[in-house]
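*Asks:* structure for this input, please:
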Amino acid sequence: MQRILRDDGHVLADPQQPAQRQALIHRYCPPSIGNLFATPREGKNRGLEWWTELPGQPQHFAALSPAEQAQLKERMTQRLAALTSLIDELERRGDPVAAELRALPTQPTEDTLYSVGGDRVLIRWAPVRSLAAPTPVASAASAAAAASPPPAAPSKQRRRWVVPVMLPLLLGGLALLGLWLGLHHGRFALPWPNGQDGVVPLSSANEGTRMEPVLGTGDVQVTLRWNSRDDLDLAVTAPSGETVSYSRPSFFSGGRLDVDSNARCSTSLQNPVENVFWNSGNAPEGEYVARVSLYNRCDGDRSSIPFELSITLDGNTETRTGTINDHSPNQSFEFVFP
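*Replies:* Numbering: from 1, shown residues only. Got it, this is the predicted structure:
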């Protein structure tokens, strides 16, 4: 991870809240939305710092050109619209997680927006408070009033606080139960708006119907699919020499990796997918090289892993297949655009 900035003079209002919400974000959302929210950490002298897993040089929104600002705002709008649709679906299902996600900002201000390697990242999405805020000093009268115990309230008045106190605890317990069930019994699949980050049905011989994120499309699109829980990686090198991969998922020229499944075995999908694409009108012309690599074994199985590589150029798709294993962990495929 890399630090975006040091937010001196501020601390988190609730140090536990951001970690809990980020766990839910990464549980229910694709990486393109999960990476939207920078990770807060306590630095030296209690200073607050914001970190991200995205590679590239962090730039504040104000430092970008007007064209880059417009592009960043458009991506931000798409991601937040997809997040809103997810929350709406969770509410329709009666999932208490929706209340936690609803607290996330849906219209962030420009001063909290950063570009990291061409992708958007938000800071201060969790409540913060100033370290310089003075501690209220009680006057003598108020101190005396505080020293005197308040009169005992009738039992009926005390019982009125039971519901406000117990309801958040009950909702939190249900959220943790839902998270545990999701981790142990499979991943929830939820509908997303067409054309944004989300999920759509995809037939599978092993599981009947599976769900996968809506994939980015353009003049050039390369999609890798395989049927194991291992971490395979897709990298595509353009004629310009730029290589889009997990270590550099986006370029200003238009190339992007928008789905990275089973990364470092942190998730374990049986039918994973990875996708690299160039937006329409931005794909360089010439020879491309797509590379499929076995990055890590995730479940102890050492057998060979068959995969399918779909290469779509101007809407025409060609499918190539291959197999990789520990003795032959890489395969490359060349193609030319246009």
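*Asks:* only the buried residues of stretch 296-316, if you could.
*Replies:* Neighbour-count burial for stretch 296-316, with 16 or more other C-beta atoms under 10 Å as criterion, is recorded at 297, 298, 305, 307, 309, 310, 311, 312, 313. Bear in mind the C-beta positions are built from the backbone N, C-alpha and C, glycine included.
*Asks:* how deep is residue 59 tucked in, by neighbour count?
*Replies:* By other C-beta atoms under 10 Å, the residues close to residue 59 number 16.
*Asks:* would you confirm that it contacts residue 114?
*Replies:* Yes - when contacts are counted by C-beta atoms under 8 Å, residue 59 is listed as touching residue 114 (6.5 Å).
*Asks:* what sits against residue 51?
*Replies:* Contacts here follow C-beta atoms under 8 Å, 6 or more residues apart in numbering; on that basis residue 51 touches 1, 2, 3, 4, 38, 39, 40, 41.
*Asks:* of those, buried ones?
*Replies:* Applying 16+ other C-beta under 10 Å to those flags 4, 38, 39, 40 as buried.
*Asks:* tell me the pLDDT of the second one.
*Replies:* As predicted, residue 38 sits at a pLDDT of 89.
*Asks:* that one: what's it in contact with?
*Replies:* Counting by C-beta under 8 Å, 6+ apart, residue 38 makes contact with 4, 50, 51, 52, 114, 121, 122, 123, 125.
*Asks:* switch the cut-off to 10 Å
*Replies:* Shown in contact with residue 38 (C-beta atoms under 10 Å, 6 or more residues apart in numbering): 1, 3-5, 18, 22, 49-54, 58, 112, 114, 116, 121-126.
*Asks:* residue 170: which element?
*Replies:* Assessed by DSSP states H and E, residue 170 sits inside helix 162-185.
*Asks:* what's the local residue count around the residue nearest to residue 219 when sequence neighbours are not counted?
*Replies:* Using C-beta to C-beta, 6 or more residues apart in numbering and skipping the chain neighbours, the partner closest in space to residue 219 is residue 283 (3.9 Å). Using other C-beta under 10 Å, the number of residues around residue 283 comes to 23.
*Asks:* my guess is residue 283 contacts residue 314, does it?
*Replies:* Yes - at 9.1 Å, residue 283 counts as touching residue 314 under the criterion of C-beta atoms under 10 Å.
*Asks:* which neighbours do these two share?
*Replies:* 218, 219, 220, 221, 337, 338.
*Asks:* residue 231: which of these is nearest?
*Replies:* The closest of the shared contacts of residue 283 and residue 314 to residue 231 turns out to be residue 221 (C-beta to C-beta; 21.5 Å).
*Asks:* in contact with the closest one, which residues?
*Replies:* Counting by C-beta under 10 Å, 6+ apart, residue 221 makes contact with 215, 236, 275-278, 283, 310-315, 317.
*Asks:* which residues does residue 331 bridge with?
*Replies:* residue 292 (DSSP bridges).
*Asks:* could you number the chain from 494 rather than 1 from now on?
*Replies:* Got it, the first residue is 494 from now on, which makes the last one we talked about residue 824.
*Asks:* touching, it and residue 801? I think so.
*Replies:* No - if you go by C-beta under 10 Å, residue 824 and residue 801 don't touch, sitting 12.0 Å apart.
*Asks:* what about stretch 801-813, average pLDDT?
*Replies:* Throughout stretch 801-813, pLDDT has a mean value of 95.
*Asks:* give me the contact list for it.
*Replies:* 708, 710-720, 727, 729, 766-768, 770, 773, 776, 781, 783, 785, 800, 814-815, 824, 826, 828-831.
*Asks:* of the residues you listed, grab the buried ones for ChimeraX.
*Replies:* Of the contacts of stretch 801-813, the buried ones go into a single ChimeraX selection, burial set by 16+ other C-beta under 10 Å:
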select :708,710,711,712,713,714,715,716,717,718,719,720,727,729,766,767,768,770,776,781,783,785,800,815,824,826,828,830
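*Asks:* what about the contacts of stretch 801-813, which are in strands?
*Replies:* Of these, the ones assigned to strands by DSSP state E are 713-719, 727, 729, 766-768, 770, 781, 783, 785, 800, 814-815, 824, 826, 828-830.
*Asks:* the helices in the protein, which residues?
*Replies:* Ranges of helices in the chain, per DSSP state H, are 510-521, 524-527, 559-585, 590-595, 633-640, 648-652, 655-678.
*Asks:* for residue 540, which non-adjacent residue is closest in space?
*Replies:* Computed as C-beta to C-beta, 6+ apart, the closest residue to residue 540 that is not its neighbour in sequence is residue 501, at 5.0 Å.
*Asks:* now swap in residue 507 and tell me
*Replies:* Nearest residue to residue 507, sequence neighbours excluded (C-beta to C-beta, 6+ apart): residue 620, at 6.8 Å.
*Asks:* shouldn't that neighbour be in contact with residue 597?
*Replies:* No - look at residue 620 against residue 597 with C-beta under 10 Å: they stay out of range, at 11.4 Å.
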